[in-house]
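Colleague: below is the sequence, then the predicted model.
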Amino acid sequence: MPARPKRPCMHPGCPELVEGGYCERHQPKRERNAEYDRERGTAHQRGYGARWRKARLAFLREHPWCVMCEREGRLRAAEVVDHIVPHKGDYERFWDQSNWQPLCIRHHNAKTAREDMGAW
């Protein structure tokens, strides 16, 4: 059976031809992401267990609208309770409701991506 033709690396703009996926130069970055995820622990290990789910629902009942959408003049339901200042495992900060804000998925994902950039 003939070999498949090589294709460009999946990293944007990389012209390196590979048999599949990423070239050697870009592969380590993907491994670091996987390592970061492993070290991070599960959601439950990070404090997002049953107690958090109950507190989250109660907070969203009291604060049903995304604060970022409201600032933009829109009204969108909040789906996420966001930690304004990331708690980084500090459980006092984790449970401090003055550090919580209601966000829609779109705004939460954008905020989290900005904050986590350095971790990748």
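Modeller: That came in fine, so what should we check first?
Colleague: contacts, neighbours, all on C-alpha from now
Modeller: OK.
Colleague: per-domain residue ranges of this protein.
Modeller: 7-40, 50-119 (automatic domain parsing).
Colleague: return the most buried member of those.
Modeller: Ranked by mean neighbour count, these are led by domain 50-119 with a mean of 15 (mean count of other Cα atoms under 10 Å).
Colleague: now the domains of the chain as JSON lines including mean pLDDT?
Modeller: Below are the domains of the chain laid out as JSON lines (pLDDT from 0 to 100):
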{"stretch": "domain 7-40", "mean pLDDT": "76"}
{"stretch": "domain 50-119", "mean pLDDT": "92"}
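Colleague: got the contact list for the nearest residue in space to residue 84 that is not next to it in sequence?
Modeller: Spatially, and ignoring its direct neighbours in sequence, residue 84 is nearest to residue 99 (5.3 Å; Cα to Cα, 6 or more residues apart in numbering). Counting by Cα atoms under 8 Å, 6 or more residues apart in numbering, residue 99 touches 83, 84, 85, 93.
Colleague: mind redoing it with 7 Å?
Modeller: 83, 84, 85 (Cα atoms under 7 Å, 6 or more residues apart in numbering).
Colleague: now do the same for the last one: helix, strand or coil?
Modeller: Three states are possible here, and by DSSP: H, G, I helix; E, B strand; the rest coil the one that applies to residue 85 is coil.
Colleague: can you give me the helices in the protein?
Modeller: Per DSSP state H, the chain carries helices over the ranges 27-40, 50-62, 67-71, 91-95, 105-116.
Colleague: residues in contact with the third one?
Modeller: Helix 67-71 is contacted by residues 75, 76, 102, 103, 107 when judged by Cα under 7 Å, 6+ apart.
Colleague: mind listing what residue 83 touches?
Modeller: 99, 100, 101.
Colleague: strands - which of these land there?
Modeller: Under the assignment DSSP state E, the contacts of residue 83 contribute 100, 101 to strands.
Colleague: need the contacts of residue 83 in CSV with distance to residue 20, can you?
Modeller: What follows is the contacts of residue 83, written out as CSV (distance: Cα to Cα, whole Å):
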residue, distance to residue 20
99, 44
100, 43
101, 42
